[in-house]
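Peer 1: could you look at this predicted model? Sequence included:
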Amino acid sequence: MRRPSLRSPVADDKFDLVTHVADSTSLLLASYEALPYQGHAIPPTHPDSLASAARLRGIDTPDVTSCRVLDLGCATGENIISMALSLPGSSFVGVDLSPRQIDAARETARLLGLDNVRFEAMSIADIDDRFGAFDYIVSHGVYSWVPSDVQSALLGVCARNLAPDGIAYVSYNTYPGWHLRGLMRDMLLFHDRIELPPSERVTRGRELVEFLAKSVLPSEQVYGALLQEEFTLLTEASDTYFLHEQLEAVNHPVYFREFAARAQAAGLRFVGEAQLSAWDAQLTDATRGVIKAWAKDDVSYEQYLDFLRGRSFRRSLLCRADVSVDAEVSPAAVASLYLSARCAPDPSAPEAQQPGVEVFRTPKGLAVTLNHPMLRAALHALIDAAPARLSFDDLCARTRHRLDGSESMGFASEMLADAMLRSSLLHLVGLHVVPAACATSLPPRPVANPLARLQARTSGLVASFTNQNLKLSNFDRFIVSHTDGTRDRDALVNLTADALVRGELTLEGAASPTRDELSAAVSFSLRQFLLNGLLAR
């Protein structure tokens, strides 16, 4: 079944174009009303993340502890609710077209007793000056999935309602990478039956993806590898992601140059990407030099980078057109930030068996082998302080303390700042403008993030006070849901023991755990909750 076009077959037939756009908007609304998008925390949209990324580009943004935040396309609200819990002195507004999703967001906020967040069921196109100015505007997973007029309205809101020194975040699908991903979407749309219920459409789509990935001929190695990559991605995706990413009537990837041009026309300026990546760290100076010689400006330079990496998704930061932006991220800015550990040493790695060499591994499995004494000392200082964040001056002092006499001779704060910036590209280190909003030591009666306690009732994916998503086992879900400040560790052990006796809970690897084994398991869970920013301070 063919999808309704967003382009009129006759260029000057404006009525036909409006009709198609209206039909697409109606289809989108019906889709989200039938199957609301599964909300979750989106780490790079947090004001702390936005402000630290902007500071690296020379922009001093409003204080994140007392800011105003607008979320365009907030779905069921978990993202800004998570932010609102970590920034109680700030205010948040979520807007979404779907009344069902807004009702769910309001109910969650009510259950948590939050009074610094509100939700409005309305079109982005209806937001005007009466909404006021916002220090941070975020829109994740909207731009590519709405008609062109709503895209323009979204950028208009970012320009009109953004505070003079504010930052906007917009994510969108991009070419050239989406040319490859679009192959699978085109096949899924051909196979789709829009008259079926959403759950059946998703099941039918998953069956096609699996069939294609397993049945492609061995001789088609390149095509087979592409299908296998999509199969892996979509197998791990939720049903709501599958439906709204792959089967929606609207999904318009753009080249970065097109997005930048539309943002400029709206009165906005490209700042940079919300998250620098390991790919950026691996790019050689020689390669950058060639691209810079070809590029006529910053926009074309970014477009060449997308060609080189085959980028399919961007998280772009925007500011008002009259704001000055540094062309490159600055290591000097690191001295004004807080730093946190996002890695752990891996002494069992083969490379780590060499003298003076260590391997540090991120939660996503990236392993980095290091032999520089200063960098290793700094990472250990951050790891030992976790989940606390250290000011740069504090990190300098702790790093010097860890170095012996000969190693400390070459220490320079400028060198450490540059090393920390490079470490952030590899996601070994986090950069922040504020201290941690979570407990930094285990309280006698710990309190888990209220949103996480609520989420743990129905899901294994919960939000932390650092706006990260944590995947919990059933055992950990049980502990989190009962870590509400009314119980100490022994009471949690007793509660867990009773649940095991009733058969409501199992402990992996121990069919009939002893009291000591159960106590150790609860203690380990609480320690992991602490380290991952899940406990209230």
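Peer 2: Now that the structure is in, tell me what you want to look at. Nothing here was measured: the structure is a model prediction, and the numbers come from that model.

Peer 1: let me see the domain layout of this structure.
Peer 2: Using automatic domain parsing, the domain parsing of the chain gives 43-173+252-278+312-320, 331-432, 450-531.

Peer 1: hmm, H482 is touching V493, no?
Peer 2: No: judged on C-beta atoms under 8 Å, H482 makes no contact with V493 at a distance of 11.0 Å. Using the backbone N, CA and C atoms, a C-beta is placed for each residue, glycine as well.

Peer 1: which one of these two has more residues nearby?
Peer 2: Taking neighbours as other C-beta atoms under 10 Å, H482 and V493 compare with V493 leading, 20 against 17.

Peer 1: give me the element that one is part of.
Peer 2: Taking DSSP states H and E as the criterion, V493 maps to helix 489-501.

Peer 1: packing partners of that helix?
Peer 2: Helix 489-501 is packed against helix 474-482, helix 515-531, with contacts defined by 3 or more C-beta pairs under 8 Å, 6 or more residues apart in numbering; DSSP states H and E.

Peer 1: got CSV for the ones you listed, with mean pLDDT and distance to C319 too?
Peer 2: CSV is the format used below for the helices and strands packed on helix 489-501 (pLDDT from 0 to 100; distance: least, C-beta to C-beta, whole Å):
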stretch, mean pLDDT, distance to C319
helix 474-482, 96, 38
helix 515-531, 95, 34
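
Peer 1: pick the most deeply packed of those.
Peer 2: Of all the helices and strands packed on helix 489-501, helix 474-482 carries the top mean neighbour count, a mean of 20, counting by mean count of other C-beta atoms under 10 Å.

Peer 1: what angle do that helix and helix 515-531 make?
Peer 2: Angle, helix 474-482 to helix 515-531, by axes from the mean of the first three to the mean of the last three C-alpha atoms, to 10 degrees: 70 degrees.

Peer 1: in the chain, which helix or strand is least confident?
Peer 2: Evaluated with mean pLDDT, DSSP states H and E, the helix-and-strand set of the chain has its lowest mean pLDDT in helix 14-34, which scores a mean of 48.

Peer 1: beyond that one, next helix or strand please.
Peer 2: Using DSSP H and E, the helix or strand that follows helix 14-34 in sequence is helix 47-56.

Peer 1: tell me how far that next one lies from the chain's centre.
Peer 2: Offset of helix 47-56 from its chain centre (C-alpha atoms, centre = their mean, to the nearest Å): 14 Å.

Peer 1: which outside residues touch that helix?
Peer 2: The contact list for helix 47-56, computed with C-beta atoms under 8 Å, 6 or more residues apart in numbering, reads 43-44, 60-62, 64, 67, 69, 83, 87, 90, 135-136, 138, 167, 169, 271-276, 317, 319, 326, 329-330, 333-334, 336-337, 421, 431-434, 467.

Peer 1: check stretch 374-387 too.
Peer 2: With C-beta under 8 Å, 6+ apart, stretch 374-387 has contacts from 339-341, 343-345, 358, 360, 370, 390, 395, 398-399, 402-403, 407, 410-411, 415-416, 419-420, 423, 428-429, 436, 438-440, 466, 530-533.

Peer 1: hmm, try it at 6 Å
Peer 2: Contacts with stretch 374-387, where a contact means C-beta atoms under 6 Å, 6 or more residues apart in numbering, come from 341, 358, 360, 370, 398-399, 402-403, 419, 436, 438, 440, 531, 533.

Peer 1: quick check on these: which are buried?
Peer 2: 341, 358, 360, 370, 398-399, 402-403, 419, 436, 438, 531, 533 (16 or more other C-beta atoms under 10 Å).

Peer 1: just checking, V138 is part of a helix?
Peer 2: No: under DSSP: H, G, I helix; E, B strand; the rest coil, V138 sits outside any helix and is assigned strand.

Peer 1: pull out the buried positions in the lengthiest strand in the chain.
Peer 2: If you go by DSSP state E, the chain has its longest strand at strand 162-175. For strand 162-175, the neighbour count (16+ other C-beta under 10 Å) marks L162, A163, G166, I167, A168, Y169, V170, S171, Y172, N173, T174, Y175 as buried.

Peer 1: what two of those residues are the furthest from one another?
Peer 2: Greatest spacing in those, by C-beta to C-beta: A163 and Y175 (31.9 Å).

Peer 1: next one: the helix holding V493 to chain centre, how far?
Peer 2: That offset, for helix 489-501, works out to 34 Å (C-alpha atoms, centre = their mean).

Peer 1: what does it rub up against?
Peer 2: H482, L505, L518, S519, V522.

Peer 1: name the nearest residue to the second one, ignoring sequence neighbours.
Peer 2: Going back to what we said before, that points to L505. Of all residues not flanking L505 in the chain, A499 sits nearest, at 4.0 Å (C-beta to C-beta, 6 or more residues apart in numbering).

Peer 1: picking up where we left off before, could you dump the helices and strands packed on helix 489-501 to a markdown table with distance to E220?
Peer 2: Listed next are the helices and strands packed on helix 489-501 as a markdown table, based on distance: least, C-beta to C-beta, whole Å:
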| stretch | distance to E220 |
| --- | --- |
| helix 474-482 | 41 |
| helix 515-531 | 44 |
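
Peer 1: and of the ones you listed, who's closest to G205?
Peer 2: Nearest to G205, of these and by C-beta to C-beta, is helix 474-482 at 28.3 Å.

Peer 1: run the angle between the closest one and helix 489-501 for me.
Peer 2: If you take the same axes, to 10 degrees, helix 474-482 sits at 130 degrees to helix 489-501.

Peer 1: can you name the residues in contact with helix 474-482?
Peer 2: Here helix 474-482 makes contact (C-beta under 6 Å, 6+ apart) with A448, A452, R453, A456, G460, L495, L505, S525.

Peer 1: cool, stretch 122-129 as well?
Peer 2: For stretch 122-129, the surrounding residues in contact (C-beta under 6 Å, 6+ apart) are L72, V95, L97, V150, A153, L154, V157.

Peer 1: which of these sit farthest apart?
Peer 2: Across those, the longest distance by C-beta to C-beta is 13.7 Å; it joins L97 and V157.

Peer 1: re earlier: out of the contacts of helix 47-56, which are inside helices?
Peer 2: Here DSSP state H is the test, and these give M83, L421 as lying in helices.

Peer 1: cool, thanks, talk later.
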